[in-house]
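1. Quick one, what's the 3D model for this:
(2 chains)
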Amino acid sequence: MKAALINGSPRIGIDYMDVSASQTLLTMSKRYLRKNHVHDYEEIHIKTGELTEKTLETLMGCDVWLLAFPIYCGGIPAHLLRFLKAIEEAVHKSGSPEILVAAMTSGNLYEGENSSAALSMIANWAKAAELRFTAGLGVGGGPVLALHGPYAGFRHWRSLGRAMSQFAESATGNGPPNMIFCSPNMRRRTMLIRLSRIFRRKWRAL
Amino acid sequence: MKIVMGDISEEELRSLPRNRINTRILVHEGMRIYPCIGCMDCFGRRAGRCAIRDGLTDELDRLGYFEELELVSACLYGGFSPRVKGALDRLFAYLRPVAEVRKGETRFATQGVGKIDLVLRFYDIRSEEERKTAYDYAGLLEKTLNAEESTVLFYRTKADLLAGRELRGTLIDEPSETAPALEVPAEAAFPETGEGFPEALSPDAEEVGV
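-> Numbers count the residues shown, from 1 in each chain, chains lettered A, B, ... in the order given. I've put the predicted structure just below:
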């Protein structure tokens, strides 16, 4: 099976403080996708929301589309909405391909349940574009996750490891359709302290 | 003061109820809005201001205290259209969000303004699922923006929005004068012979006492 790993974060990753949680989640997911017979990947980064012919051709050649994006004001970022609308029109023109769609969200402060509305929107988009939505994963602690790196299944991200393995099964069609939400394995207060450290580092960075 | 952001023209936004006096139209059709780039300068160096320099930033820089926020948008998959969502993402910085724990949940607290009232008008509703998602999203947005009161209104088409014909029931129950009637697919219609009925609903089934 071939998967398209679509990064919906507008960040381009200039320095170590500019890492996006979406890219971290996609890197983590490769390990779990391998266990579900996905060995070929195409990595696509949606920075501005434009759909080019080359991107469309790449997407149509994949069996699974894995979207990862941050939550902005509880919903999907505006540039990604533009991209999804363009994809829907393009898919209607080319016929209804048999493609599985799964989505992962980051950017929640602590609770992963805050992304339930955004994942429902992705499910509605998949239905409108005649694709099959298989799994959604809402991850809490987005900014901290980006800086911690790909350590799913260890220490503060144990729940994320379990959630990822269920998500990968459902996303590739090996399990039933599922919506999973997880929060980091640390206290809320600890998370807020780490968040404030990140924002203070951003303040000092030039 | 009330601020309005929508993806229809300025005249049409002004014609909506309670949008004539003490109202500022911040975003309308024809304005070029750059979406948020996630630089997080609004949380850091330029706290409370957006780093992107365009027409919207100039308007937001001049924005003072406001009590009501109205968003008028086509319902796209249960959320806002790209123009309105992009403007909302950029506006969020000016609310000076700070993370705090409120009622057991981690939320943003807005320091730039006090508690605001939220009015959401969705038009071009395509399905009941999108309508339900929009309703759930409105509840989440109320918590995210720390709004005191929120009103969500649905309109089947843009013409219904401008005429003030609100959708009160479901899409199937209330056919609109301006939109074509929804076609019910043939499989959903009840067959005359009772084929396809689950056994318990078949007219010939015996009644079983509980």
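
2. which stretches of chain B form helices?
-> Using DSSP state H, the helices of chain B run over B:10-14, B:55-61, B:82-94, B:128-144, B:158-163.

3. so where is the chain shaky, pLDDT-wise?
-> You didn't say which chain, so I picked chain A. A:13-18, A:147-153, A:202-206 (pLDDT under 70).

4. right idea, wrong chain: chain B
-> B:44-47, B:96-97, B:111-114, B:170-210.

5. buried residues in stretch B:12-22?
-> B:E12, B:L13, B:L16, B:N19 (16 or more other Cβ atoms under 10 Å in any protein chain shown). The C-beta positions use only the backbone N, C-alpha and C, and glycine is treated the same way.

6. so the first one makes contact with B:A159?
-> This points to B:E12. No - B:E12 is beyond contact range of B:A159, at 10.8 Å (criterion: Cβ atoms under 8 Å).

7. Save the helices of chain B as CSV, and put in distance to A:M60 too.
-> Below are those laid out as CSV (distance: least, Cβ to Cβ, whole Å):
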stretch, distance to A:M60
helix B:10-14, 38
helix B:55-61, 35
helix B:82-94, 23
helix B:128-144, 25
helix B:158-163, 33
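
8. Which stretch among those helices approaches B:F108 most closely?
-> Each of the helices of chain B has some distance to B:F108 by Cβ to Cβ; the shortest is helix B:128-144, at 6.0 Å.

9. Identify all contacting residues around that closest one.
-> Applying Cβ atoms under 8 Å, 6 or more residues apart in numbering or on different chains, the contact partners of helix B:128-144 are A:73-75, A:114, A:116-117, A:120-121, A:123-124, A:127, B:75, B:77-79, B:105, B:107-108, B:118, B:120, B:122, B:125, B:147, B:150, B:152, B:154, B:170-172.

10. Tell me who's in contact with the residue nearest to B:H28 when sequence neighbours are not counted.
-> The shortest distance from B:H28 to any non-neighbouring residue, by Cβ to Cβ, 6 or more residues apart in numbering or on different chains, is to B:E10 (4.3 Å). Taking Cβ under 8 Å, 6+ apart, we find B:E10 in contact with B:I25, B:H28, B:E29.

11. my guess is the first one meets B:E11, correct?
-> No - no contact is recorded between B:I25 and B:E11 when judged using Cβ under 8 Å, the distance being 9.5 Å.

12. Looking at these two, which is more packed in?
-> Ranked by neighbour count (other Cβ atoms under 10 Å in any protein chain shown), B:I25 and B:E11 place B:I25 first, with 19 against 9.

13. which strand residues sit across from the more buried one in the sheet?
-> B:V4 (DSSP bridges).

14. what do you get for B:E68?
-> Bridge pairing for B:E68 - DSSP bridges - gives B:K2, B:D117.

15. helix or strand for the residue nearest the centre of chain A, which one?
-> When Cα atoms, centre = their mean is applied to chain A, the residue found nearest the centroid is A:A68 (1.7 Å). Assigned by DSSP states H and E, A:A68 belongs to strand A:64-70.

16. elements contacting that strand?
-> With contacts defined as 3 or more Cβ pairs under 8 Å, 6 or more residues apart in numbering or on different chains; DSSP states H and E, strand A:64-70 has these neighbours: strand A:2-7, helix A:21-34, strand A:100-108.

17. what's the most buried one of these?
-> strand A:100-108 (a mean of 27; mean count of other Cβ atoms under 10 Å in any protein chain shown).

18. relative orientation of the helix or strand that that one is followed by and helix B:128-144 in degrees?
-> Sequence-wise, the next helix or strand downstream of strand A:100-108 (DSSP H and E) is helix A:116-128. For helix A:116-128 against helix B:128-144, the angle by axes from the mean of the first three to the mean of the last three Cα atoms, to 10 degrees is 160 degrees.

19. how much does helix A:116-128 deviate in direction from strand A:64-70?
-> Interaxial angle of helix A:116-128 relative to strand A:64-70 (the same axes, to 10 degrees): 150 degrees.

20. tilt between helix A:116-128 and strand A:100-108?
-> Using the same axes, to 10 degrees: helix A:116-128 against strand A:100-108 is 160 degrees.

21. by contact count, what packs against helix A:116-128?
-> Using 3+ Cβ pairs under 8 Å, 6+ apart, helix A:116-128 sits against helix A:78-94, strand A:100-108, strand A:132-140, strand A:178-182, helix B:128-144.

22. for the third one, which positions count as buried?
-> Spelled out, it's strand A:132-140. A:F133, A:T134, A:A135, A:G136, A:L137, A:G138, A:V139, A:G140.

23. That strand pairs with which strands?
-> By DSSP bridges, strand A:132-140 pairs with strand A:100-108 (parallel), strand A:178-182 (parallel).

24. Return the distance of the longest one from the chain's centre.
-> In terms of Cα atoms, centre = their mean, to the nearest Å, the gap separating the centre of strand A:100-108 from the centre of its chain is 3 Å.

25. now do the shortest one
-> From the chain centre to the centre of strand A:178-182 is a distance of 12 Å (Cα atoms, centre = their mean).

26. Buried ones in stretch A:184-204, by neighbour count?
-> A:P184, A:M186, A:R188, A:M191, A:L192, A:R194, A:L195, A:I198, A:K202.

27. relative orientation of the strand or helix carrying the fifth one and strand A:132-140 in degrees?
-> If you go by DSSP H and E, A:L192 is part of helix A:188-204. Comparing the axes of helix A:188-204 and strand A:132-140 via the same axes, to 10 degrees yields an angle of 90 degrees.

28. next one: helix A:188-204 to chain centre, how far?
-> The answer for helix A:188-204 is 23 Å, by Cα atoms, centre = their mean.

29. so what secondary structure elements neighbour it?
-> So helix A:188-204, by 3+ Cβ pairs under 8 Å, 6+ apart, packs with helix A:142-148, strand B:97-102, strand B:105-110.

30. And the longest one, what's buried?
-> This points to helix A:142-148. Buried-residue list, helix A:142-148, by 16+ other Cβ under 10 Å: A:G142, A:P143, A:V144, A:L145, A:A146, A:H148.

31. Closest to chain B out of those residues?
-> A:P143 (8.4 Å; Cβ to the nearest Cβ).

32. Next up, the contacts around that closest one.
-> Contacts of A:P143 (Cβ under 8 Å, 6+ apart): A:A21, A:G107, A:L195, A:I198.

33. any chance of the helices and strands packed on helix A:116-128 in a markdown table, plus distance to B:L88?
-> Listed next are these as a markdown table, based on distance: least, Cβ to Cβ, whole Å:
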| stretch | distance to B:L88 |
| --- | --- |
| helix A:78-94 | 8 |
| strand A:100-108 | 15 |
| strand A:132-140 | 20 |
| strand A:178-182 | 23 |
| helix B:128-144 | 8 |
